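# structure, please.
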Amino acid sequence: MKKRKQWRKVPKMILAFICSLSLFAIFVLGILKITLFNQNFMIRAVESSHYGKTITKEINHTIADVGRGANISQKWLNQTVSESLVNDNIKQYIHSIYAGSTFQLEGEKQIEETVQSQLESYGKEKNYPRNAEFETTVNKLKKVSIETVRRDIEIPYFALYGKKIMAYTSTLNLLLIFAVAFFGILFSAIISLNKPFFHLIIRYLAYVIGGAGLMVGALPTYLYVTRLIERLGIHSEALYLFLTTYLKNFLFMFMKFGLFSILLSLFLFGVSEFFRKKIVRREK
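Residues are numbered from 1 along each chain as shown. Here you go, the predicted structure:
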């Protein structure tokens with residue numbers, strides 16, 4: 001008799017497992033939608049990694065190096081570009097990636113005015129004449145400054161990444177709708193099989209959510225704990241900090257979903273056990 005009851009549970013457990021897989025798919029697709037397919041997620045990674053601050057230092061260092069090549073002391077050009085200007089342009093660039101529009105560098109005039117002002121002050125201090133050679137140096141440094149800012153902000157493979165990601169937006173939405181519908185059908189079947197027993201419905205829901213949580217959180221937790229992401233071979237400090245932060249935040253989102261799902265499943269299991277004991281006491 002007991003064996004027969006156990007065999008009756010097998011189809012339900014198989015159904016619960018498939019239902020758990022469909023919920024796992026919903027979690028994965030949903031996380032992708034709110035992370036990789038979301039420009040605000042990338043902007044938050046930029047802010048938390050202090051990408052703008054680090055890249056501003058790199059830009060100003062490059063401009064100052066070019067100035068040294070023209071016998072201009074580093075102190076005159078090491079504050080050419082402000083951090084706020086860089087941050088604003090980074091946000092504009094990310095927006096252009098996800099919107100599929102052309103990036104337009106903002107603040108070119110401000111950069112040119114800063115270079116002009118600094119070099120004029122430098123010329124006065126050194127008593128250099130405002131001749132054609134001086135103007136050529138000024139114009140060259142203006143051009144180099146703008147090109148450096150554009151080059152360090154407008155990273156080509158970011159745009160390529162964005163185009164590839166956004167090309168799959170419609171597919172992602174369709175898969176998400178299909179996964180939700182499939183999950184709804186499967187869980188409706190579980191409800192119909194356990195209709196007389198409310199506690200069993202809650203218990204199978206706990207199994208489904210717990211299984212999906214384990215699947216969605218296991219691999220990301222392993223990758224996060226072993227710090228494999230930190231081994232990326234990137235020479236630029238700013239880019240390294242941004243990418244590692246971006247990927248860590250991505251993994252952490254999976255971990256949060258997994259942990260929340262497991263805690264919710266344990267709670268639901270406790271609720272189902274409470275109702276089961278209540279039924280047993282009533283029958284006695």
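# contacts only, for residue 90.
Applying Cβ atoms under 8 Å, 6 or more residues apart in numbering, we find residue 90 in contact with 46, 51-52, 55, 153. Just so you know, the C-beta spots here come from the backbone N, C-alpha and C atoms, and that holds for glycine as well.
# what do you get for residue 234?
Residue 234 neighbours (Cβ under 8 Å, 6+ apart): 240, 243.
# what secondary structure does it sit in?
Secondary structure, DSSP: H, G, I helix; E, B strand; the rest coil: residue 234 is coil.
# I'd like the average pLDDT over the helix or strand residue 93 falls within.
Using DSSP states H and E, residue 93 sits within helix 83-99. On average, the pLDDT along helix 83-99 is 94.
# buried residues in it?
Residues of helix 83-99 classed as buried by neighbour count (16 or more other Cβ atoms under 10 Å): 83, 85-87, 89-94, 96-98.
# repeat for stretch 186-195
Using 16+ other Cβ under 10 Å as the test for burial, stretch 186-195 gives 186-187, 189-190, 193-194.
# now for those, which pair is the farthest apart?
Greatest spatial distance in those: 186 and 194, 13.0 Å, computed using Cβ to Cβ.
# where exactly do the helices run in the stretch 101-250 of the chain?
Residue ranges of the helices in the stretch 101-250 of the chain, as given by DSSP state H, counting those that start in this stretch, are 108-126, 132-153, 156-167, 169-193, 198-225, 237-283.
# ok so, going back, can you redo the buried residues of helix 83-99 as TSV with distance to residue 14?
Shown next, in TSV, are the buried residues of helix 83-99 (distance: Cβ to Cβ, whole Å):
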residue	distance to residue 14
83	57
85	59
86	55
87	53
89	54
90	50
91	49
92	52
93	49
94	45
96	48
97	44
98	41
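# go through these and name the one nearest residue 140.
For residue 140, the nearest member of those is residue 85. The distance, counting by Cβ to Cβ, is 20.7 Å.
# enumerate every residue touching the closest residue to that closest one other than its chain neighbours.
Spatial nearest neighbour of residue 85, excluding adjacent residues (Cβ to Cβ, 6 or more residues apart in numbering): residue 107 at 4.5 Å. Applying Cβ under 8 Å, 6+ apart to residue 107 gives the contacts 85, 88-89.
# likewise residue 186?
Applying Cβ under 8 Å, 6+ apart to residue 186 gives the contacts 15, 18-19, 22.
# try it again with 6 Å
With contact set as Cβ atoms under 6 Å, 6 or more residues apart in numbering, residue 186 has these partners: residue 19.
# quick check: the gap between it and residue 21.
Here residue 186 is placed at a distance of 9 Å from residue 21 (Cβ to Cβ, to the nearest Å).
# can you check residue 240 too?
For residue 240, the distance to residue 21 - Cβ to Cβ - is 36 Å.
# remind me which residues of the protein are low pLDDT?
The model of the chain has pLDDT under 70 over residues 1-8, 283-284.
# contact partners for the nearest residue to residue 183 once chain neighbours are set aside?
Among residues not flanking residue 183 along the chain, residue 22 sits closest, at 4.2 Å (Cβ to Cβ, 6+ apart). Contacts for residue 22 (Cβ under 6 Å, 6+ apart) come out as 179, 182-183.
# one more time with 10 Å
178-187, 208, 212 (Cβ atoms under 10 Å, 6 or more residues apart in numbering).
# export those as JSON lines, with columns for distance to residue 34.
Shown next, in JSON lines, are the contacts of residue 22 (distance: Cβ to Cβ, whole Å):
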{"residue": "178", "distance to residue 34": "18"}
{"residue": "179", "distance to residue 34": "15"}
{"residue": "180", "distance to residue 34": "15"}
{"residue": "181", "distance to residue 34": "20"}
{"residue": "182", "distance to residue 34": "21"}
{"residue": "183", "distance to residue 34": "18"}
{"residue": "184", "distance to residue 34": "21"}
{"residue": "185", "distance to residue 34": "25"}
{"residue": "186", "distance to residue 34": "24"}
{"residue": "187", "distance to residue 34": "23"}
{"residue": "208", "distance to residue 34": "22"}
{"residue": "212", "distance to residue 34": "17"}
